[in-house]
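Provide a 3D model corresponding to the input given below.
(one chain, ligands or ions: 1)
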Amino acid sequence: MIDDGDREDLSVRLERALLDADRPAAAAALEQARARDGALVVDRVLVPALERIGTDWERGLLALSQVYMAGRICEDLADALTPGTGRRRAVRAGLAIATLEDHHLLGKRIVSATLRAAGWPLQDLGQGMTARALAARVSEGGIRVLLVSTLMLRAALQVKDLVGLLQAAPAPVRVLVGGAPFRIDRDLWREVGADAMGATAGDALDLVEAWAEELG
Ligand code: B12
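Reported below is the predicted structural model:
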């Protein structure tokens with residue numbers, strides 16, 4: 001059993017290693033947390049460490065380069081946090097993920113690794129896309145379930161345009177959104193016209209499982 005004290009220690013150890021750009025120390029802290037916490041390590045240890053880094057940066061205590069390195073190191077380590085089950089699902093319709101006008105990629109990376117580890121054949125449509133370009137890719141690719149990951153409020157608001165453009169898609173598309181703006185404002189997903197929101201990568205998996213019929 002891991003108690004909250006241990007979890008906090010590991011999260012603080014991870015935070016220090018990230019700020020020192022010490023990749024091996026970050027990997028060791030994450031591995032120790034994963035051995036105890038399983039896939040929940042992301043929400044219990046990694047996300048809190050990055051949120052503290054973000055807050056300190058906002059307060060002028062850290063340089064953007066430190067935040068950048070912290071994000072890059074976590075991106076490199078993300079796949080190892082969600083080892084595959086070996087299961088493969090055969091689906092007829094497409095399942096895809098993208099970020100809209102946003103280059104914060106870690107959330108997308110972790111959600112993608114979680115879905116793929118559970119056997120879902122998820123397509124990555126890209127990052128920093130405009131609503132128009134993304135809607136076109138979705139229509140061309142026969143995508144029926146689209147996940148959008150955001151960290152900037154501006155990107156979250158773009159979902160409204162995307163949903164409007166997707167009305168013209170050849171078949172209905174379900175849009176699942178996630179990321180900080182939707183966690184902070186729990187009604188935002190409805191306001192932008194999404195079909196659902198998830199607070200964690202685990203929620204993304206539960207919702208995709210619930211919508212499995214859509215995917216054939
Ligand atoms: C790391 C980081 C960066 C790194 C990104 C590195 C990378 N490769 O991703 C760098 C340095 C590049 C960066 C740049 C910038 N950043 Co920044 N960044 C952060 C920071 C510290 C952590 C974000 C993070 O990676 N979290 C960890 C991931 C795993 O969490 P997550 O994305 O929320 O994902 C989890 C869930 O939300 C969920 N989830 C995510 N997506 C989805 C999707 C679905 C469908 C579902 C169901 C669930 C789900 O699952 C994940 C795991 O549980 C945050 C601070 C914070 N409080 O979040 C600021 C933050 C997001 N950044 C911010 C800003 C302003 C910027 C810059 C504009 C700074 C600048 N002046 O240049 C640029 C913009 C870049 C761009 N155009 O996109 C602001 C955003 C403010 C706002 N409201 O819009 C924040 C909040 C910092 C702050 N407090 O001001 N940033």
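
break this protein into its domains for me.
Recorded structural domains for the chain (assignment: automatic domain parsing) are 4-81, 94-215.

can you give me the end-to-end span of the longest one?
End-to-end distance for domain 94-215: 7 Å, by C-alpha to C-alpha, to the nearest Å.

same thing with stretch 162-180?
End-to-end distance for stretch 162-180, by C-alpha to C-alpha: 19 Å.

report the distance from it to the chain centre.
Relative to its chain's centre, stretch 162-180 lies at 17 Å (C-alpha atoms, centre = their mean, to the nearest Å).

deepest-packed of the domains of the chain, please.
Highest mean neighbour count among the domains of the chain (mean count of other C-beta atoms under 10 Å): domain 94-215, with a mean of 19. C-beta coordinates here come from the backbone N, C-alpha and C atoms, glycine included.

do a quick rundown of the strands in this structure.
For the chain, applying DSSP state E gives strands covering 94-100, 122-129, 143-149, 174-178, 196-198.

in this structure, which spans are helices?
With DSSP state H as the criterion, the chain has helices at 4-19, 23-37, 41, 47-58, 64-81, 106-117, 131-140, 153-166, 180-184, 188-191, 201-210.

what would those look like in TSV with mean pLDDT?
Listed next are those as TSV, based on pLDDT from 0 to 100:
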stretch	mean pLDDT
helix 4-19	85
helix 23-37	92
helix 41	87
helix 47-58	94
helix 64-81	90
helix 106-117	89
helix 131-140	96
helix 153-166	96
helix 180-184	94
helix 188-191	98
helix 201-210	91
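
and these: which comes nearest residue 96?
Nearest of those to residue 96, taken as C-beta to C-beta: helix 131-140 at 6.9 Å.

show me the contact partners of the closest one.
For helix 131-140, the external contacting residues (C-beta atoms under 8 Å, 6 or more residues apart in numbering) are 96, 98, 100, 125-126, 129, 143, 146, 158-159, 161-162, 165-166, 168-170, 173.

quick check, that helix touching the ligand?
No - using C-beta under 6 Å from any ligand atom, helix 131-140 stays clear of the ligand, with a minimum separation of 13.5 Å.

likewise stretch 113-125?
No - against the ligand, stretch 113-125 shows no contacts by C-beta under 6 Å from any ligand atom, the least distance being 8.1 Å.

then that stretch to PDB, C-alphas only?
Extracted in PDB, the C-alpha atoms of stretch 113-125 (Å, rounded to 0.1, in the frame of the first residue of the first chain):
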ATOM      1  CA  ALA A 113      -0.700   5.400 -24.700                       C
ATOM      2  CA  THR A 114      -3.600   4.400 -22.400                       C
ATOM      3  CA  LEU A 115      -6.000   3.600 -25.200                       C
ATOM      4  CA  ARG A 116      -3.400   1.800 -27.300                       C
ATOM      5  CA  ALA A 117      -2.300  -0.300 -24.300                       C
ATOM      6  CA  ALA A 118      -5.900  -1.400 -24.000                       C
ATOM      7  CA  GLY A 119      -5.900  -2.500 -27.600                       C
ATOM      8  CA  TRP A 120      -7.800   0.400 -29.300                       C
ATOM      9  CA  PRO A 121      -6.400   1.300 -32.700                       C
ATOM     10  CA  LEU A 122      -6.200   5.000 -32.200                       C
ATOM     11  CA  GLN A 123      -5.100   7.300 -35.000                       C
ATOM     12  CA  ASP A 124      -3.100  10.400 -34.200                       C
ATOM     13  CA  LEU A 125      -4.300  13.200 -36.500                       C
END
